[in-house]
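Undergrad: task: produce atomic coordinates for the following.
(one chain, ligands or ions: 1)
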Amino acid sequence: MSKKLTIAIDGFSACGKSTLARMLAEKLDYIYVDSGAMYRAVTLYYIQHQLNTEQQLIDHLKLIHIGMQRIQGKNITTLNGINVEKQIRSHAVNELVSQLSTISAVRQKLVLEQRQMSKKGGIVMDGRDIGTVVFPDADLKIFLTASIQIRTQRRFEELMAKGIKTTQDRVRKNLIHRDMIDSNRDDSPLVKAVDAIELDNSYLTKEEQLELVLRWIKNLQNMPELDQ
Ligand code: CDP
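TA: Alright, predicted model coming up:
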């Protein structure tokens, strides 16, 4: 049997990391973890409990339990047992998540949990620091990029489909703002790992992108069963 790989996908906001990660995990029958959803769940907790300072959040960290479940083919994020999948995509969370993600205590808690999830291998995780910090020894590291116009369009359509009303301008500003904070923070900034493969998917369909990465994986471990 082929070795179960650890696959890290990092990149800027809304460049399709989760889509690629989900499709890969399905095809390979691996676990898929959307690490951004975990940072979003912490942010939702902060908002729901009307916390006002970094220290208050740090004091509450022990009380925050995040779960990732797969129900009827869909990934569900839970916060203290409650399904928060829709709420973590709200404007309020979008606008605060990168700020709270700069807090080292938050990162330490989530990185520890992310590493726990990979104990058996066979995992695809997407985020900002997966190839650099969470799994520096990952078997395959991908750094995804796409133009800001395309990322805006994709995220706008995604939010509208989820029933979250917004405008292209608001989406674009939020993506630029988050990218700026994520790339410039002191703790685990978003950078391409030296051994990551950069993939610009601006003009690739989801299927083309998947096919390309599956070919890389096949080369990596010579998995004939991925051929069909
Ligand atoms: O889906 P999108 O690209 O918009 O973002 P996300 O993956 O849901 O992540 C939301 C935010 O969480 C990011 O903008 C980062 O501030 C933070 N994050 C992080 O700091 N580290 C990660 N591994 C994943 C997300």
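
Undergrad: number of nearby residues for I130?
TA: With neighbours defined by other CB atoms under 10 Å, the count for I130 comes to 31. From N, CA and C alone the C-beta is placed, and that goes for glycine too.

Undergrad: same thing with the one 10 residues further on?
TA: Counted with other CB under 10 Å, residues neighbouring L140 total 20.

Undergrad: cool, P189 as well?
TA: Neighbour number of P189 under other CB under 10 Å is 15.

Undergrad: part of a strand, is it?
TA: No. Counting by DSSP: H, G, I helix; E, B strand; the rest coil, P189 is not found in a strand; it is coil.

Undergrad: who are the packing partners of the worst-scoring helix or strand of the chain on mean pLDDT?
TA: Lowest mean confidence among the helices and strands of the chain (mean pLDDT, DSSP states H and E): strand 66-71, at a mean of 91. Applying 3 or more CB pairs under 8 Å, 6 or more residues apart in numbering; DSSP states H and E, one finds that strand 66-71 makes contact with strand 31-34, helix 35-48, strand 74-79.

Undergrad: select, out of the ones you listed, the one closest to the ligand.
TA: Within these, the stretch nearest the ligand is helix 35-48; the backing value is 2.2 Å (CB to the nearest ligand atom).

Undergrad: in the helix or strand following that closest one, what's buried?
TA: Sequence order places helix 54-60 as the next helix or strand after helix 35-48, per DSSP states H and E. Buried residues in helix 54-60, defined by neighbour count with 16 or more other CB atoms under 10 Å: 54, 57.

Undergrad: got the CA positions of helix 54-60 in CSV?
TA: What follows is helix 54-60, C-alpha atoms only, in CSV (Å, rounded to 0.1, in the frame of the first residue of the first chain):
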residue,chain,number,x,y,z
GLU,A,54,-6.5,40.2,23.4
GLN,A,55,-6.0,39.3,27.1
GLN,A,56,-9.7,38.4,27.5
LEU,A,57,-9.5,36.1,24.5
ILE,A,58,-6.4,34.5,25.9
ASP,A,59,-8.1,33.9,29.2
HIS,A,60,-11.0,32.2,27.4
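
Undergrad: when you give positions from now on, start the count at 601
TA: Yes, from this point I'll number from 601; that puts the last item at helix 654-660.

Undergrad: just checking the distance from it to the centre of its chain.
TA: How far helix 654-660 lies from its chain's middle: 23 Å, per CA atoms, centre = their mean, to the nearest Å.

Undergrad: give me the contacts around that helix.
TA: 642, 645-646, 649, 651, 700, 703, 705-706 (CB atoms under 8 Å, 6 or more residues apart in numbering).

Undergrad: from these, keep the buried residues only.
TA: Listed as buried from the contacts of helix 654-660 are 642, 645-646, 651, 700, 703, 706; burial here means 16+ other CB under 10 Å.

Undergrad: turn the residues you listed into a markdown table, columns for pLDDT and distance to the ligand.
TA: Below are the buried ones among the contacts of helix 654-660 laid out as a markdown table (pLDDT from 0 to 100; distance: CB to the nearest ligand atom, whole Å):
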| residue | pLDDT | distance to the ligand |
| --- | --- | --- |
| V642 | 98 | 9 |
| Y645 | 98 | 14 |
| Y646 | 98 | 13 |
| L651 | 98 | 17 |
| L700 | 98 | 8 |
| I703 | 98 | 10 |
| V706 | 98 | 9 |
